[in-house]
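>>> Build the 3D model from these lines:
(2 chains)
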Protein chains: 2
Amino acid sequence: MIVDCRQISPVVGDFPYNRDLTAQAIAEAAASGADLVVLPELALSGYVFESQGEAVSMAIPRSHPVFDTWGLAAGRAVVVGGFCERDPSGLIYNSAAVVDSSGVLGVYRKVHLWDSESVFFAPGEDPPCVISTRAGELGTLICYDLEFPEMVRGLALAGAELVAVPTNWPLLPRPDGERPPEVINAMAAARVNRVAIACCDRAGAERGQEWTCGTTIIGADGWVAATASELGAARADLDLSESRDKAISQRNDALGDRKPAIYDALFRRQPA
Amino acid sequence: MIVDCRQISPVVGDFPYNRDLTAQAIAEAAASGADLVVLPELALSGYVFESQGEAVSMAIPRSHPVFDTWGLAAGRAVVVGGFCERDPSGLIYNSAAVVDSSGVLGVYRKVHLWDSESVFFAPGEDPPCVISTRAGELGTLICYDLEFPEMVRGLALAGAELVAVPTNWPLLPRPDGERPPEVINAMAAARVNRVAIACCDRAGAERGQEWTCGTTIIGADGWVAATASELGAARADLDLSESRDKAISQRNDALGDRKPAIYDALFRRQPA
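Numbers count the residues shown, from 1 in each chain, chains lettered A, B, ... in the order given. Reported below is the predicted structural model:
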């Protein structure tokens, strides 16, 4: 299965530009044979909002026609990409849509909000789902969610073969020669759960915020299959059957070896 | 705080040799100023047992005088090291002792057994503890336990500042230039929990089994502070106050941002 992460550079506050940019990225990926296209977090809105009013002005419902545009551009591919979601209640979420030519298959609302996101967004109240798609059993997380090992673990237990992770990773200092720390987390999560993970970061800078350009596709073996370090795409051909095989020795199973009763006892020990 | 991991090469089945080897390693580390000395998994027995009888012959109770020898060698340091434990019931465990000059402070029995270990050992029935020592709040895990993110997470929630991990990592093929995958897991676990992790692997080979020589000390920031790639020691000076500071942005806390109710809901979704 061809996974294609498009490390694009949306413009904050310019919905028509971002609609066309994302549609073009999807169409290019699909034309070159992608089965799954992953876009960054908040790809339709940009990230560094200056005010609540700007966030609200960029928020769209999940019924918005842009997702028909995505589905049309996708052909036979499946798309996962971030958008600023307006709920009928008026609340705003940092969300990701899973879309194919039949429409919106699902929407995930980011549970763990990073820093000033909590000024603009309500946190998602629901766990992520695993959605059956033409591109396999897909889980979705967004950016900082990946810092919580519980999330990929839960998606793997629920049957995810691949976890798509739209991100906007702020550039942080790191030791020379090291991968972005978020990638190290993703590699560990892939390996211990035997699940593929496709993180699509963004390129460029926005209102002074530089991004990591850390787009990385990781196989169910935990090793990096492809990266992008500038504007462009990371692409890898993954065998999702590897995600269904949790046997890691003659006697061991990555998920079957879990000891939930012991974890429960350990977690009850946490200081009040 | 000086952490010193001694990547020694025990001899399977030779208790007197391993007793002297470990005592010498502890004494050398302590003499050079270590506050915490970590030894490999099953350092007193060796790993690749040929029979149940051999495992039983190497099993000792936690009251064994070798731990007085360790405590004496340690001076003011704390020692964490692996041994083959015989329970009064007759069951054999893959255990690690936490020892100082006052005696055995605690014993952890490996919960997750790797491959043929399940032939020789009973799995530990209890979660790991956090023990207050002269070298800080210590958690202990053993080798394959580290593949379960629940374990370091639970120890961090219970107040661990450092997790000592005696290991025997069997050498696996890995892509050129990559760290051992177990180290990548440990880096991710350190980072997402803001807890230091000290993994002590072993050197040499044993009955045809080569070891990874992957000894690595990782700070609470998730970056590698020291490694050993052959017979010898890895040593790092860690500031454990970093493990107590879980704030990672003005609005974020590595542990406080957890959403246990959402994880519970996610985990209940697992296929039957």
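>>> Tell me the buried residues in stretch A:68-77?
For stretch A:68-77, the neighbour count (16 or more other CB atoms under 10 Å in any protein chain shown) marks A:69, A:70, A:71, A:73, A:74, A:77 as buried. For the C-beta atoms, the positions are set from N, CA and C on the backbone; glycine is no exception.
>>> Leaving out sequence neighbours, find the closest residue to the last one.
Meaning residue A:77. residue A:30 (4.4 Å; CB to CB, 6 or more residues apart in numbering or on different chains).
>>> In which helix or strand does the one you found reside?
Counting by DSSP states H and E, the element that carries residue A:30 is helix A:15-31.
>>> Give me the residues contacting the next helix-or-strand element following that helix.
Scanning forward in sequence from helix A:15-31 by DSSP H and E, the next helix or strand is strand A:36-38. Identification of contacts with strand A:36-38 by CB atoms under 8 Å, 6 or more residues apart in numbering or on different chains yields A:1-6, A:25-26, A:29-30, A:74, A:77-81, A:133, A:135-136, A:138, A:162, A:164-166, A:198-200.
>>> among the residues you listed, which are in strands?
With DSSP state E as the criterion, strands contain A:2-6, A:78-81, A:133, A:136, A:138, A:162, A:164-166, A:198-200 from among those.
>>> filter these down to the ones close to chain B.
Among the ones in strands among the contacts of strand A:36-38, no residue sits close to chain B (CB under 8 Å from any CB of the partner chain).
>>> Might you report the residue contacts of the most centrally placed residue in chain A?
The centroid of chain A falls nearest to residue A:165 when counting by CA atoms, centre = their mean (1.5 Å). Contact partners of residue A:165, counting by CB under 8 Å, 6+ apart, are A:38, A:140, A:141, A:142, A:143, A:145, A:146, A:186, A:197, A:198, A:199, A:200.
>>> Which positions in the stretch 51-200 of chain A make contact with chain B?
Checking the stretch 51-200 of chain A against chain B by CB under 8 Å from any CB, the hits are A:111-112, A:114-116, A:118, A:123, A:125-128, A:130, A:144, A:147-151, A:153-155, A:157-159, A:174-175, A:178, A:181, A:184-185, A:187-189, A:191-192.
>>> what about chain A, any weak spots by pLDDT?
Scanning chain A for pLDDT under 70 picks out A:270-272.
>>> which residues of it fall in strands?
A:2-7, A:36-38, A:78-86, A:92-100, A:103-109, A:130-133, A:136-140, A:162-166, A:196-200, A:205-206, A:209-210, A:216-218, A:224-227, A:232-237.
>>> ok, now how distant is the nearest residue to residue A:39 once chain neighbours are set aside from residue A:228?
Nearest non-adjacent residue to residue A:39, counting by CB to CB, 6+ apart: residue A:81, 3.2 Å away. Residue A:81 sits 16 Å away from residue A:228, going by CB to CB, to the nearest Å.
>>> neighbour-wise, which of those two wins?
Comparing residue A:81 with residue A:228 by other CB atoms under 10 Å in any protein chain shown, the one with more neighbours is residue A:81, at 29 against 20.
>>> Was I right to think the more buried one contacts residue A:44?
Yes. With contact defined as CB atoms under 8 Å, residue A:81 counts as touching residue A:44 (7.4 Å).
>>> any residues in contact with both of these two?
Listed as contacting both residue A:81 and residue A:44 by CB under 8 Å, 6+ apart are residue A:22.
>>> out of the strands of chain A, nearest to residue B:248?
Residue B:248 lies closest, by CB to CB, to one member of these: strand A:209-210, at 16.9 Å.
>>> Check the offset of that closest one from the chain's centre.
When distances are taken as CA atoms, centre = their mean, to the nearest Å, strand A:209-210 is centred 19 Å away from the chain's centroid.
>>> Neighbours of residue A:94, how many?
Count around residue A:94 with other CB under 10 Å applied: 32.
>>> residue contacts, it?
Residue A:94 neighbours (CB under 8 Å, 6+ apart): A:41, A:42, A:82, A:84, A:85, A:109, A:110, A:113, A:117, A:120, A:121, A:142.
>>> Give me the distance between it and residue A:29.
Taking CB to CB, one finds residue A:94 at 23 Å from residue A:29.
>>> Return the residues in contact with residue A:17.
Contacts for residue A:17 (CB under 8 Å, 6+ apart) come out as A:10, A:11.
>>> can you do 6 Å?
Residues in contact with residue A:17 (CB atoms under 6 Å, 6 or more residues apart in numbering or on different chains) are residue A:11.
>>> Pull up the gap between it and residue A:109, please.
Relative to residue A:109, residue A:17 is positioned 24 Å away (CB to CB).
>>> ditto for residue A:20
25 Å.
>>> Likewise for residue A:145?
Distance, residue A:145 to residue A:109, by CB to CB: 10 Å.
>>> which of these two has more neighbours?
Neighbours were counted for residue A:145 and for residue A:109 using other CB under 10 Å; residue A:145 has more, 23 against 20.
>>> thinking that one is in contact with residue A:152, fair?
No. With contact defined as CB atoms under 6 Å, residue A:145 does not count as touching residue A:152 (8.7 Å).
>>> Mind listing what's buried along stretch A:40-59?
Of the residues in stretch A:40-59, A:40-49, A:54-55, A:58-59 count as buried by neighbour count, 16+ other CB under 10 Å.
>>> Next step: those restricted to helices.
A:54, A:55, A:58 (DSSP state H).
>>> Switch these over to JSON lines; also include distance to residue A:268.
Shown next, in JSON lines, are these (distance: CB to CB, whole Å):
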{"residue": "A:54", "distance to residue A:268": "44"}
{"residue": "A:55", "distance to residue A:268": "39"}
{"residue": "A:58", "distance to residue A:268": "43"}
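>>> Kindly indicate which of these lies nearest chain B.
Taking CB to the nearest CB as the measure, chain B lies nearest residue A:55 of those, at 16.1 Å.
>>> residues in contact with the closest one?
A:49, A:92, A:120.
>>> The last one: neighbour count?
Applying other CB under 10 Å, we find 20 other residues in the vicinity of residue A:120.
>>> okay but it is in contact with residue A:48, surely?
No. Counting by CB under 6 Å, residue A:120 stays clear of residue A:48, with 10.2 Å between them.
>>> residue contacts, residue A:80?
Per CB under 6 Å, 6+ apart, neighbours of residue A:80: A:38, A:96, A:98, A:140, A:164.
>>> how about 7 Å then?
Neighbour list for residue A:80: A:38, A:39, A:96, A:98, A:138, A:140, A:164, A:166 [criterion: CB atoms under 7 Å, 6 or more residues apart in numbering or on different chains].
>>> ditto for residue A:170
A:209, A:211.
>>> Mind listing the residues bridging to it?
residue A:211 (DSSP bridges).
>>> contacting residues around the spatially closest residue to residue A:231 that is not a sequence neighbour?
Nearest residue to residue A:231 in three dimensions, chain neighbours excluded: residue A:203, at 4.2 Å (CB to CB, 6+ apart). Counting by CB under 7 Å, 6+ apart, residue A:203 touches A:7, A:8, A:9, A:211, A:213, A:230, A:231.
>>> and the gap between the last one and residue A:169?
To tie it back to what came earlier, the one meant is residue A:231. Distance from residue A:231 to residue A:169, by CB to CB: 15 Å.
>>> go on, residue A:20?
Counting by CB to CB - residue A:20 and residue A:169 are separated by 24 Å.
>>> Comparing these two, which shows the higher neighbour count?
Neighbours were counted for residue A:20 and for residue A:169 using other CB under 10 Å; residue A:169 has more, 24 against 12.
>>> I figured that one hits residue A:214, correct?
Yes. At 5.2 Å, residue A:169 counts as touching residue A:214 under the criterion of CB atoms under 7 Å.
>>> Overlap of the contact sets of those two?
Residues touching both residue A:169 and residue A:214 (CB under 7 Å, 6+ apart): A:180, A:182, A:201.
>>> Leaving out sequence neighbours, find the closest residue to the first one.
The spatially closest residue to residue A:180, leaving aside those adjacent along the chain, is residue A:214, at 4.1 Å (CB to CB, 6+ apart).
>>> Neighbours of that neighbour, how many?
As a burial measure, residue A:214 scores 23 neighbours (other CB under 10 Å).
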